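A.B. asks: Okay, sequence plus prediction incoming.
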Amino acid sequence: MGVFRKVGRATKWVAKPMVDVPSWVGFKQIKVLTLGVVEQLNWLFHPKPKEDETPTETFEEAVAHQNLTPELLEQRRKNFLQLAVFFFFIGIGILFYGIYLFWQGGLMSGFLAVILSSVSFASGIRYHFWAFQIKHRKLGCTLKEWWNSKITESNDES
């Protein structure tokens, strides 16, 4: 019986590296990627609540903390507006190019162009929002205030 046991161990030692299906398939990599996707989906659908989303400092405190002058603030606001306009026109150009690609039958290229134009528009919106906050000298503006382009006087006093 001892001889067969030794032959069985030797066969396993020789045959296992040759017939290792999990490593052929990449089971460990698939497992890690799947766990990452599951974690991302859990974060997306069940985000952890944040402690407090209100800004901890006022606009004036932030200006003093960053040692910014009114001239520098105005220059940054103008730069943000220029970047917003730049990204808007880049987005329009890429969107028109995507429409052209759809017209020519490049479906995947057209979708990629539409995605790139939406990224460009998002960047333009971000820079315009920052310029809006500088103009109204208020941190923590809501998107509703930005969309309506008005700040109530009660929010400025507090």
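C.D. replies: Okay, I see it. Numbers count the residues shown, from 1 in each chain.
A.B. asks: check contacts around Phe80.
C.D. replies: 127-128, 130-131, 134 (CB atoms under 8 Å, 6 or more residues apart in numbering). From N, CA and C alone the C-beta is placed, and that goes for glycine too.
A.B. asks: so it is in which element?
C.D. replies: Using DSSP states H and E, Phe80 sits within helix 70-104.
A.B. asks: Show me how the protein divides into domains.
C.D. replies: 2-45, 59-157 (automatic domain parsing).
A.B. asks: The longest one - what's its average pLDDT?
C.D. replies: For domain 59-157, the mean per-residue pLDDT is 84.
A.B. asks: returning to that earlier point: and which of the contacts of Phe80 is nearest Pro47?
C.D. replies: Set against Pro47, the nearest of these by CB to CB is Trp130 (24.2 Å).
A.B. asks: Now do the helices in the chain.
C.D. replies: Secondary structure of the chain (DSSP state H): helices at 2-18, 21-25, 27-45, 59-66, 70-104, 107-136, 143-148, 153-157.
A.B. asks: which of the ones you listed sits most buried?
C.D. replies: Among the helices of the chain, ranked by average contacts under mean count of other CB atoms under 10 Å, first place goes to helix 107-136 (a mean of 16).
A.B. asks: Tell me what angle that one forms with helix 59-66.
C.D. replies: Helix 107-136 and helix 59-66 are oriented at 100 degrees to each other (axes from the mean of the first three to the mean of the last three CA atoms, to 10 degrees).
A.B. asks: Spatially, which residue comes closest to Phe129, not counting chain neighbours?
C.D. replies: Of all residues not flanking Phe129 in the chain, Trp146 sits nearest, at 5.5 Å (CB to CB, 6 or more residues apart in numbering).
A.B. asks: Then Gln133?
C.D. replies: Distances taken as CB to CB, 6+ apart put Cys141 closest to Gln133, at 5.3 Å, once the chain neighbours are dropped.
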